[in-house]
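[1] Got a sequence here, can you build the structure:
(2 chains)
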Amino acid sequence: MSAVVQYAVQGLAAGSFYALAALGLAVIFGVLGVVNFAHGAFYMLGAVATAVLLDTLDLTLWWSLLVVPVLMFGFGVVVELLLVQWLLRLDPLYNLLLTFGLTLVLVELVKQRYGVSGLPYRLPGGLQGRVDLSGVVLPRYQLFVLLFSVAVCVLVWLVMTRTRIGMIVRAATEKPELARALGINVGRWVTPVFGFGVALAGLAGVLAAPFRAITAEMGNNFAIILFAVVVIGGLGSIVGAVVAGFLVGLVEAFGQAYAPTFAQILIFVLMALVILIRPAGLFGRQEATT
Amino acid sequence: MTQSVITQAPADGADVAVAASNPRLRWILLAAGLVAALALPWFVYPPVAMDIVALALFAIALDILLGYTGLLSFGHAAFWGSSAYVTGLIATHYGLPFPVAVIGGAVFAMILALPIGYVSVRRSGIYFAMVTLAFAQMVYFIGYQWSDLTGGENGLQGVPRSFFGIEAVETDSFYFYYAALPILLFGMWAAWRIVHSPFGRVLVSIRDNAPRARALGYEVDKYKAVAFVLSAGLTGLAGGVFAISHGFVALTELHWTTSGDVVLMTVLGGIGTLWGGIVGAFLTVMLADYLASSGFHGIDLITGSVFVLVVLLFRRGVWGTVRHQWNSRRRRRTTSGEGTGR
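    Next up, the predicted model:
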């Protein structure tokens, strides 16, 4: 029993990274119609930045959680203005290819600068160790990651549903033509939304820094699993991205515990099943299957 | 937004017209291409020449989907790599002549493409790219985990090059090139036949307007799936020859970067042109060879930058640009005024 809870928490913590990053991916796709291949690279940059900030400026994780998303927001804005925006009117596949090329460049640059072996990272004292919750012993940091990312997801959800900005972004996501017809300047939101999505990927990277090996390659497989996550959740759906993120984290954790050989493969099998049974994803609008 | 198709954006209708209107020009091109293929190993180190032709077929096979069906497969490494492994295993364990092993690899790639294609064609556009990428990653993990068979990260080593006991072919890359070339040329011919057949015309109609093709009674998903399997088979031919040529199969052949590289070759050469795949493969391989010999590390930096620049500034690709210039010049000459506005 206690083992099952441990795997579940471990899975949900790993799922937090997917959920946060997939949320960013979903928002970008919703408003820009762009599938950002470089999302994994942005996640990697978030983790690398966290390690570098600790190393050079002695900024602990608490500061990184604040500073890195802001930096990544700025970087995302630059990428959008310099590259992505020129292809927005064309087939979305072009931006997929563009961000694929960008991924190769970013990964290679980090590899050249910081080498292929992982960067070290140590946790602040308050997050080390384990906690004992009536017999179930859990790493303190996993619990923190889980609670923190759920809080972020809830916060994003509140902003999306309770504020004017959120409503505009949602309208632009779901019915851009109608939003435009109602006098909303959808184009104004494109750049900040891209930056916001990139910041979420960076935030996932910060949280992953103490948890995973920080290497230039760490985002590659992550990006592909993210794609599976948003296909499972339904690409246009914000709730779907978060739920599927945690779901995939669970599948991965239990897979690694009970069938380590098939852990990675299980995620893609799940994706295939979802496509066969509900082509638009668990939370996607079912009429939009093509 | 997601309904549109990649080839519609860069090229106008006349450019994408499947039948080149000038048969004599086509024969001249074919003859020139054949001469170039035969002459290549005299000018380029033969194993590199083999890479160029194998990757050219790979890019052409991808173009059947990307250029003529409007589907961007971001997972073709699965077919390239799995055929390379199966070809390598057949050659290693049964000592059969390499063409037999290559055919075995290609058949395997087609069998693998059946379920992947069946599931993937249910989604189109951007979703298709993501789903094929994810499935290819699954195949990669299988190749990685099943190390008893594939050698895992060490790769499959010592693949023999058996060819009816003809020693020149078996030991000398120069003669091997000519022994393997017919397989690849056959693949290119098959690709040309596929896109110029009635079946190919249906694919183009699906690319341009899938709902209309469906309304006309074509089973769109079935056509897409068949195109997918055929493309995988041709990819398999190329991957098998590549494996025999190198005498070694690395796990990289299954990696997503391989899928990306071939997309770059196709886009760089020109989507929906077939010939573009050859140009793209030639340029990419020669560049990689040059960079490797000049001691430059970090080829991905160049590949990625080229990718970004081509997509931003040069979406027609090399062959697409040449053809566009040729077409618009001819149009201006024959019908003054009519076609110039485009």
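
[2] I'd like the next helix or strand past the helix or strand of chain A with the lowest mean pLDDT.
    Least confident helix or strand of chain A, by mean pLDDT, DSSP states H and E, is strand A:130-133 with a mean of 76. Sequence order places strand A:136-139 as the next helix or strand after strand A:130-133, per DSSP states H and E.

[3] Please name every helix or strand in contact with that next one.
    Strand A:136-139 sits against helix A:2-32, strand A:130-133, with contacts defined as 3 or more CB pairs under 8 Å, 6 or more residues apart in numbering or on different chains; DSSP states H and E. Every C-beta, even on glycine, is put in place using the N, C-alpha and C of the backbone.

[4] quick one: which of those is nearest chain B?
    The closest of these to chain B is helix A:2-32. By CB to the nearest CB, the value is 8.3 Å.

[5] Could you give me the buried positions within that closest one?
    A:6-32 (16 or more other CB atoms under 10 Å in any protein chain shown).

[6] same thing with stretch A:243-261?
    A:243-256.

[7] In helices only, show me those residues.
    Using DSSP state H, the subset of those located in helices is A:243-256.

[8] Pick out whichever of these sits closest to A:G195.
    When those are compared for distance to A:G195 (CB to CB), A:G245 wins out at 20.5 Å.

[9] Confirm for me that the closest one is in contact with A:G233.
    Yes - assessed by CB atoms under 8 Å, A:G245 is found in contact with A:G233 at 7.4 Å.

[10] Who does the least confident helix or strand of chain A pair with, and is each partner parallel or antiparallel?
    strand A:136-139 (antiparallel) (DSSP bridges).

[11] Look up how far chain A lies from B:V311.
    5 Å (CB to the nearest CB, to the nearest Å).

[12] Quick check: that residue is in a strand.
    No - per DSSP: H, G, I helix; E, B strand; the rest coil, B:V311 lies outside any strand segment and is helix.

[13] pLDDT score assigned to it?
    Looking at B:V311, its pLDDT stands at 88.

[14] The one 10 residues further on too?
    pLDDT for B:T321: 86.

[15] if I pick it, what's in contact with it?
    B:270, B:314 (CB atoms under 8 Å, 6 or more residues apart in numbering or on different chains).

[16] which element is it on?
    Judged by DSSP H and E, B:T321 forms part of helix B:317-334.

[17] Get me the contact residues on the stretch 101-250 of chain A for chain B.
    Counting by CB under 8 Å from any CB of the partner chain, the stretch 101-250 of chain A comes close to chain B at A:101-109, A:111-112, A:220-221, A:224, A:227-228, A:230-231, A:235.

[18] Buried among the residues you listed? Need that as a selection in PyMOL.
    Of those, the buried ones go into a single PyMOL selection, burial set by 16+ other CB under 10 Å:
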select buried, chain A and resi 101+102+103+104+105+106+107+108+109+111+220+224+227+228+230+231+235
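
[19] Mind exporting the C-alpha coordinates of stretch B:44-59 to CSV?
    Written as CSV, here are the backbone C-alpha positions of stretch B:44-59 (Å, rounded to 0.1, in the frame of the first residue of the first chain):
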residue,chain,number,x,y,z
VAL,B,44,32.9,11.7,-54.4
TYR,B,45,34.4,9.1,-51.9
PRO,B,46,32.2,6.1,-52.8
PRO,B,47,30.7,5.4,-49.3
VAL,B,48,29.7,9.1,-49.2
ALA,B,49,28.2,8.7,-52.7
MET,B,50,26.2,5.8,-51.5
ASP,B,51,24.9,7.8,-48.5
ILE,B,52,23.8,10.6,-50.9
VAL,B,53,21.8,8.2,-53.1
ALA,B,54,20.3,6.3,-50.2
LEU,B,55,19.3,9.5,-48.4
ALA,B,56,17.9,10.9,-51.7
LEU,B,57,15.5,7.9,-51.9
PHE,B,58,14.7,8.5,-48.2
ALA,B,59,13.8,12.1,-48.9
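
[20] Quick one: name the residues of the stretch 201-342 of chain B near chain A.
    B:210, B:256-257, B:260, B:263-264, B:267, B:297-298, B:300-301, B:303-308, B:311-312, B:315.

[21] Now go through those and say which are in helices.
    Counting by DSSP H, those contribute B:210, B:256-257, B:260, B:263-264, B:267, B:300-301, B:303-308, B:311-312 to helices.

[22] right, and B:A106 touches B:L237 too?
    Yes - contact between B:A106 and B:L237 holds when scored by CB under 8 Å: they sit 4.6 Å apart.

[23] Quick check: buried residues in stretch B:26-39?
    B:A37.

[24] which residues touch it?
    So stretch B:26-39 is contacted by B:20, B:53, B:178, B:181, B:185, B:275, B:278 (CB under 8 Å, 6+ apart).

[25] could you give me the average pLDDT of it?
    88.

[26] From chain A, how far out is B:H246?
    Distance from B:H246 to chain A, by CB to the nearest CB: 23 Å.

[27] Could you check how far that residue is from B:A84?
    9 Å (CB to CB, to the nearest Å).

[28] Compare the two (neighbour count), which wins?
    B:A84 (34 against 19; other CB atoms under 10 Å in any protein chain shown).

[29] pLDDT score assigned to that one?
    So B:A84 comes in at 95 (pLDDT).

[30] Hmm, it is touching B:L237, no?
    No - shown here, B:A84 and B:L237 do not form a contact pair, counting by CB under 8 Å, at 10.9 Å.

[31] Now do the one helix or strand A:F227 maps to: distance to the chain's middle.
    Assigned by DSSP H and E, A:F227 belongs to helix A:218-233. With CA atoms, centre = their mean, to the nearest Å as the basis, helix A:218-233 stands 9 Å off its chain's centre.

[32] Where does the prediction get shaky in chain B?
    Judged by pLDDT under 70, chain B has its weakly predicted residues at B:1-21, B:335-342.

[33] thinking B:G104 is in contact with B:A84, fair?
    No - using CB under 8 Å, B:G104 is not in contact with B:A84, being 11.5 Å away.

[34] Now do the shared contacts for those two.
    Common neighbours of B:G104 and B:A84 (CB under 8 Å, 6+ apart) are B:G240.

[35] how near is B:A77 to A:F211?
    For B:A77, the distance to A:F211 - CB to CB - is 29 Å.

[36] So for those two, which sits in the more crowded spot?
    Set B:A77 next to A:F211 and count neighbours by other CB under 10 Å: B:A77 wins out with 30 against 18.

[37] Quick check: longest helix in chain B by residues?
    The single longest helix within chain B, with elements called by DSSP H, is helix B:220-246.

[38] buried stuff in that helix?
    For helix B:220-246, by 16+ other CB under 10 Å, it's B:220-221, B:223-246.

[39] Equivalent analysis for stretch B:102-115, please.
    B:102-110, B:112-113.

[40] Now do A:I214, the pLDDT please.
    pLDDT, A:I214: 86.

[41] Can you report how many residues lie near the closest residue to it other than its chain neighbours?
    Leaving aside its chain neighbours, A:I214 sits nearest to A:L119 (4.2 Å; criterion: CB to CB, 6 or more residues apart in numbering or on different chains). A:L119: 20 surrounding residues under other CB under 10 Å.

[42] ok, back up a step: looking at the helices and strands packed on strand A:136-139, which one has the lowest mean pLDDT?
    Mean pLDDT per stretch puts strand A:130-133 lowest among these, at a mean of 76.

[43] Before I go, just wanted to say thanks for your time.
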